[in-house]
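1. Show me how the following folds:
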Amino acid sequence: MTTSISKLSDLLSEKVRVTNQVIEENLSSKETTIIGDIASHLINSGGKRIRPLLTLTVAKLFDYQGDKDTLLAAAIEYIHSATLLHDDVVDRSEKRRGLKTANIIWTNKYSVLVGDYLFSRAFQLMVRTESLRIMKTLSDASAIISQGEILQLAIEKKLDVSKEDYLKVIKGKTSALFSAACQAGAEITNARDSHVDALQEYGECIGTSFQLIDDLLDYLGNENKMGKNKGNDFFEKKITLPIIHAYERSSKAEKKFIKELFQKPLPNHSDLTDLLEILESSKSLLYTKNQALIWTERSINALQIIENSEIKTLIVELAEEILDRVS
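-> As a prediction, the model looks like this:
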């Protein structure tokens, strides 16, 4: 099936090619080859590069004619890759996109330092856009991402965390970069402020929906499609929206049982099966899907101010496809 991502990639094929070229050219270091090895391992491991594609798409939406959108798109991908390298260290992850994580292959120390290197490269590319406005947008997003990661650590293993606090984690963990990718793509074109705001909201909303569906897929998804083990969040004892909702709706006895599951030193697949039964009976998986639907609808509504076009149709389809990943 032809997706909106493949349609956009075809429509923007030359921009995508140049962006990929910029990404590759700036991965290498004269001082040490391990930087390029680690960065390439992650960046070339099969990710769809949705965030940089969004930047190119939004620039095209406002008929941008320059070449700085490709620098910006590459910077977005570097920021995303840097956060993934750091996340895998913090989460002690062993697999991403079907491959061993960099921290498993090269150790945590190298992963953290190469993540820092990619952040630095991102800011070098931002400078080349010669836009203080864009630098502010992406530096603000980087700060929000860091705050989100710290908040995630603060609520780690807290089953009674509020949904509001968890949404703050999502805003930092995922939505901030989706939002910045869209916002900066509009800013580089000198679009009207109302249009920039609309694309910023669109990005934030699809980023939230994207993460909620990821939370859902961790319990329902196909391992071959996801590129990670089913139940990864549970085995890493991550508290996500399905768990928060189920715990909130549980009886005293059920709460005790859920706590025991998350306190086990090495939970197993039988424990995962027990948890899935609770998630089903509490309708927490359905609740999570419905929450994602709300954010998807908000993302589409944000685009009402934008004039109809082929590009607008495709980014509406993209929002719908993010939601449909769980179908």
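
2. Stretch 197-207: which residues count as buried?
-> 198, 199, 200, 201, 202, 203, 204, 205, 206, 207 (16 or more other CB atoms under 10 Å). Any C-beta I mention is one placed from the backbone N, CA and C, and that applies to glycine too.

3. Which neighbouring residues are in contact with the fifth one, exactly?
-> This means residue 202. By CB atoms under 8 Å, 6 or more residues apart in numbering, the contact set of residue 202 is 182, 299, 302, 303, 315, 319.

4. re the thing from before, and the buried residues of stretch 197-207 as TSV, adding secondary structure?
-> Formatted as TSV, the buried residues of stretch 197-207 follow (DSSP: H, G, I helix; E, B strand; the rest coil):
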residue	secondary structure
198	helix
199	helix
200	helix
201	helix
202	helix
203	helix
204	helix
205	helix
206	helix
207	helix
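
5. Nearest to residue 22, out of these: which one, please.
-> Distance to residue 22, by CB to CB, is smallest for residue 203 among those, at 21.2 Å.

6. Excluding sequence neighbours, find me the nearest residue to that closest one.
-> In space, and not counting its chain neighbours, residue 203 is closest to residue 182: 3.3 Å by CB to CB, 6 or more residues apart in numbering.

7. what's the helix or strand hosting the one you found in contact with?
-> Using DSSP states H and E, residue 182 maps to helix 176-187. Here helix 176-187 makes contact (CB under 8 Å, 6+ apart) with 50-52, 54-59, 61-62, 69, 72-73, 76, 79-80, 83, 131, 133-134, 137-138, 140-141, 144-145, 148, 195-196, 199-204, 206-207, 210.

8. what about burial for those, which qualify?
-> 50-52, 54-59, 61-62, 69, 72-73, 76, 79-80, 83, 131, 134, 137-138, 141, 144-145, 148, 195-196, 199-204, 206-207, 210.

9. low-scoring pLDDT stretches of the chain, where are they?
-> By pLDDT under 70, the weakly predicted segments of the chain are 1, 28-32, 36, 39, 41-47, 89-98, 102-106, 221-229, 327.

10. now the residue nearest the centre of it: how far from residue 7?
-> Residue closest to the average C-alpha location in the chain (CA atoms, centre = their mean): residue 174, at 4.1 Å. Here residue 174 is placed at a distance of 23 Å from residue 7 (CB to CB, to the nearest Å).

11. Buried residues, stretch 213-222. List them.
-> Buried residues in stretch 213-222, counted by 16+ other CB under 10 Å: 213, 214, 215, 216, 217, 218, 219, 220, 221.

12. Quick check: helices, which of those are part of them?
-> Using DSSP state H, the members of the buried residues of stretch 213-222 that fall in helices are 213, 214, 215, 216, 217, 218, 219, 220.
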